[in-house]
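Q: A predicted structure for the sequence below; I have some questions about it.
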Amino acid sequence: MDLQATTNSVVLDQIIKRIEVDKKLIKVSIDAERLQQLLMGSETELAALVPVEPFLDINIAGQFLRSGKEVRLVIGDTEDASPNIDKRLVREIVQARHWFEDLKAGRAKGFADLARKSRCSAAHVSRRISLAFMAPDIVEKIMFGSQPLELTPERLKKACPLPVSWDEQRALLLG
């Protein structure tokens with residue numbers, strides 16, 4: 001057992017009194033008096049000189065985002081989220097493009113051949129190869145990490161095979 005993690009947990013248990021999660025806000029209520037005691041000691045002259053409110057509320061922009069079975073806690077303003085390149089999304093697109101190139105170049109005779117080489121099922125290949133024809137602007141968003149937070153590998157999996165129309169793909173994946 002990690003002693004540092006255990007110590008941190010004990011300290012957090014002593015100072016955090018309540019955590020509330022609203023639609024776009026996480027509110028943490030801290031026992032300020034207990035925090036002051038832990039930081040400065042209960043008997044120091046400084047502790048007696050510095051008046052402390054009983055509770056300190058810290059408000060953090062954040063929310064839970066659900067996509068299929070997956071739930072993620074996103075801290076910060078989701079409108080101004082920094083790039084977050086999801087390697088699993090990128091991997092799915094790259095794999096589909098490799099499969100298509102192998103078919104086009106004659107290195108594979110069909111989905112069953114691709115599946116055998118990739119150690120997966122032919123049904124998996126037939127559903128996912130449509131990712132090779134994803135709208136370029138969606139691919140760009142994924143490659144630069146600017147896709148919507150709701151576009152997870154789980155959501156992409158459920159969308160396959162993708163519609164041929166790029167407008168329909170945008171509605172399905174970005175809308």
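A: Yes, it's here.
Q: Can you get me a residue count around Arg34?
A: Other residues near Arg34 come to 18 when the count uses other Cβ atoms under 10 Å. Quick note: C-beta positions are derived from backbone N, CA and C, even for glycine.
Q: Tell me which helix or strand in this structure has the weakest average pLDDT.
A: helix 45-49 (a mean of 54; mean pLDDT, DSSP states H and E).
Q: which residue packs closest to the spatially most central residue of the chain, ignoring adjacent ones?
A: Most central in the chain under Cα atoms, centre = their mean is Arg72, positioned 5.5 Å from the mean C-alpha point. Distances taken as Cβ to Cβ, 6 or more residues apart in numbering place Leu65 nearest to Arg72, at 5.2 Å, with adjacent residues excluded.
Q: Next: Pro83.
A: Nearest to Pro83 is Gly145, by Cβ to Cβ, 6+ apart, at 3.4 Å.
Q: quick one: that neighbour and Ile85 touch, right?
A: Yes. The criterion here is Cβ atoms under 8 Å, and Gly145 meets it with Ile85 at 3.7 Å.
Q: more neighbours, the two?
A: Shown here are Gly145 and Ile85; by other Cβ under 10 Å, Gly145 has more neighbours (15 against 12).
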